[in-house]
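S.K.: sequence and computational prediction follow.
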Amino acid sequence: MTNEIGFLRQMPAFGAAGSPASRYQLSEDGEVVIGRDRNCQIALESIAYGMVSRRHAAVRPLTQGTWTRWEICDLNSANGTYINGQKLQGCQTLETGDRISLGQDGPEFIFESPVTPYQNQPGSRAPQSGNFAGSEKDALTLTQLFPIASTGKLLSQKAYLYPGIATVIFVVSMFVAVGNSAAFNLLLSAYLAVGAYYFIYQLCGKHKPWWVLLGSAVATALILLSPLLIGFILVFREILPGRLPAEGEEINFFYFLIRMFFGAGLMEELLKALPVLGAMLLGNCLKNPWRDRIGVWEPLDGILLGSASAVGFTLLETLGQYVPNVIQNVTLQAGPEAGQLVGLQLLIPRILGSAAGHMAYSGYLGYFIGLSALKPRKRWQILGVGYFSASALHALWNASGAASVLLLAVVGVLSYAFLVAAILKARALSPNRSQNFATRIFSEK
């Protein structure tokens, strides 16, 4: 056999600049397995590399006569193996300089061999090392001059291509809508709401079809426009002590909080939870793959659908009630231009604030709905705790707004903290935790 040897050089982790790279010699007689299992030839630390499977990939020798090359094979890993940004399907022969990534954002290795792939054939002549190094360094390829020719697939995976495309579409649409305040407000509020929801979606890290999430938002909006809303108002604000204060009515903070608990918290959180509960029931009646796509089977499903429901609620409430009312009132006093400006000033904080408002409460309640799917024997206890705690946060937000701006900020931060804590716990409880794209770098303990 030739005395040429192959190596895998592990690249330093992000943020560890200056640390020496580990270099592993490949075997010409047997495979080299990479993974978190202690018995692997290249064993990676479990805590730092939670996205790596126990036996993730194997590098195997391919001997032809006196020449040896190597191939890498994915061992059915959870997060996949990537060669130069392309997902590996089965096995692939390695070439000098290939970048191997265990998962999209996992540890990276560079394959090194003194023999280039085109010279690793019987009868070929290897160049002098000095000439080879010089030609390799000075070589200029078409993909270097036109990067998009080689990184097209990576754009959608790592470059936030879709949010960028959505931003361009919304910006162009808003330019077209200048002069039409209703269309402009609708486009702006939709963009801000989708942006706030996308942040929650990335935190959850679970893929859910966009049409299922959109369906949850639309279902909530339709409920608000249906006669069902009248029944909700009758029960929670007329029969139960949830009547909203009349204009000029003076009541103390505690009594106001009680009213908000029944008239806003219990009523609106139940209303927004209906699409989530409906998806849970519908999922039980379907067969795979629709069963998993639509249904609520874990807390992450409930958080995603509950937050999407809150988006529909916030958009309809803001564009259908608050903004038109303030525009009408200011227009009567200062003219239409002032009314449009004040309406826009109200729209932006209301939509952005939904991440610490309606999305926080509904996502938090969605966590409990999903948890009840994991633990059906404790379903009613779980749903009761979630419903009343989410309603209490909602009521506290509404009541604190009338008391103090500082208290309102504190309650907003608290609500957001509750939601994020629920997301982190939901990721830890997820039966599909290994497939979660938010936990590929580090796994929760």
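M.R.: Good, I have the coordinates.

S.K.: which regions of this protein sit below the pLDDT cut-off?
M.R.: Counting by pLDDT under 70, the chain shows low-confidence ranges at 1-4, 13-21, 65, 114-144, 148-160, 434, 439-445.

S.K.: domain-wise, how is it divided?
M.R.: 7-126, 160-435 (automatic domain parsing).

S.K.: list phi and psi for residue 112.
M.R.: phi -130, psi 140 (degrees, to the nearest 10).

S.K.: my read: it touches residue 6, true?
M.R.: Yes. Contact criterion Cβ atoms under 8 Å: residue 112 and residue 6 qualify, at 7.0 Å. To be clear about C-beta, it is placed using only N, CA and C from the backbone, and glycine gets the same treatment.

S.K.: of those two, who's got more company?
M.R.: Taking neighbours as other Cβ atoms under 10 Å, residue 112 and residue 6 compare with residue 6 leading, 22 against 16.

S.K.: got the contact list for the residue nearest to that one when sequence neighbours are not counted?
M.R.: In this structure, residue 6 finds its nearest non-sequential neighbour in residue 26, 4.1 Å apart by Cβ to Cβ, 6 or more residues apart in numbering. Contacts of residue 26 were listed using Cβ atoms under 8 Å, 6 or more residues apart in numbering, and they are 5, 6, 7, 8, 32, 59, 61, 70.

S.K.: can we see that at 7 Å?
M.R.: 6, 7, 8, 32, 59, 70 (Cβ atoms under 7 Å, 6 or more residues apart in numbering).

S.K.: what number of residues lie near the fourth one?
M.R.: One way to gauge burial is a neighbour count; for residue 32, by other Cβ under 10 Å, it gives 20.

S.K.: bridging residues for it?
M.R.: For residue 32, the beta-bridge partners under DSSP bridges are residue 59.

S.K.: my guess is it contacts residue 55. True?
M.R.: No. With contact defined as Cβ atoms under 7 Å, residue 32 does not reach residue 55; the gap is 11.6 Å.

S.K.: pick the most buried one from the domains of the chain.
M.R.: Among those, ranked by average contacts under mean count of other Cβ atoms under 10 Å, first place goes to domain 160-435 (a mean of 18).

S.K.: in a helix, residue 61, correct?
M.R.: No. Residue 61: not assigned to a helix; according to DSSP: H, G, I helix; E, B strand; the rest coil it is strand.

S.K.: looks like residue 187 contacts residue 175 (just checking).
M.R.: No. Counting by Cβ under 7 Å, residue 187 does not reach residue 175; the two are 9.9 Å apart.

S.K.: related to what we said a few turns ago, quick check: the gap between the residue nearest to residue 6 and residue 106.
M.R.: 20 Å (Cβ to Cβ, to the nearest Å).

S.K.: also residue 321?
M.R.: From residue 321 to residue 106 the distance is 48 Å (Cβ to Cβ).

S.K.: so who does residue 194 touch?
M.R.: residue 166.

S.K.: same question, the one 3 residues further on
M.R.: By Cβ under 7 Å, 6+ apart, residue 197 lies in contact with 307, 308, 311, 359.

S.K.: could you rerun that using 8 Å?
M.R.: Taking Cβ under 8 Å, 6+ apart, one finds 213, 307, 308, 311, 359 in contact with residue 197.

S.K.: nearest to residue 251 among those residues?
M.R.: Nearest to residue 251 among those is residue 359, at 28.6 Å by Cβ to Cβ.

S.K.: right, and that closest one touches residue 312 too?
M.R.: No. Counting by Cβ under 8 Å, residue 359 does not reach residue 312; the two are 10.8 Å apart.

S.K.: distance of the closest residue in space to residue 110 that isn't next to it in sequence from residue 388?
M.R.: Leaving out its chain neighbours, the residue that sits closest to residue 110 by Cβ to Cβ, 6+ apart is residue 9, at 4.6 Å. Distance, residue 9 to residue 388, using Cβ to Cβ: 56 Å.

S.K.: and the end-to-end length of stretch 67-84?
M.R.: 24 Å (Cα to Cα, to the nearest Å).

S.K.: start at 58 instead
M.R.: Let's use 58 as the start, then, which means that last one is stretch 124-141.

S.K.: if you count contacts, what does the helix or strand encompassing residue 279 end up packed against?
M.R.: Using DSSP states H and E, residue 279 sits in helix 267-282. Applying 3 or more Cβ pairs under 8 Å, 6 or more residues apart in numbering; DSSP states H and E, we find helix 267-282 packed against helix 324-342, helix 356-374.

S.K.: can I get that helix as CSV, trimmed to CA atoms?
M.R.: Output in CSV follows, covering the C-alpha atoms of helix 267-282 (Å, rounded to 0.1, in the frame of the first residue of the first chain):
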residue,chain,number,x,y,z
TRP,A,267,-47.8,27.0,7.7
TRP,A,268,-51.3,26.4,6.7
VAL,A,269,-52.1,24.8,10.0
LEU,A,270,-50.8,27.8,11.8
LEU,A,271,-52.6,30.2,9.5
GLY,A,272,-55.8,28.1,10.0
SER,A,273,-55.5,28.7,13.8
ALA,A,274,-55.3,32.4,13.3
VAL,A,275,-58.1,32.6,10.8
ALA,A,276,-60.3,30.4,13.0
THR,A,277,-59.9,32.8,15.9
ALA,A,278,-60.8,35.8,13.7
LEU,A,279,-63.9,34.0,12.4
ILE,A,280,-65.0,33.3,16.0
LEU,A,281,-64.7,37.0,16.8
LEU,A,282,-66.9,37.8,13.8
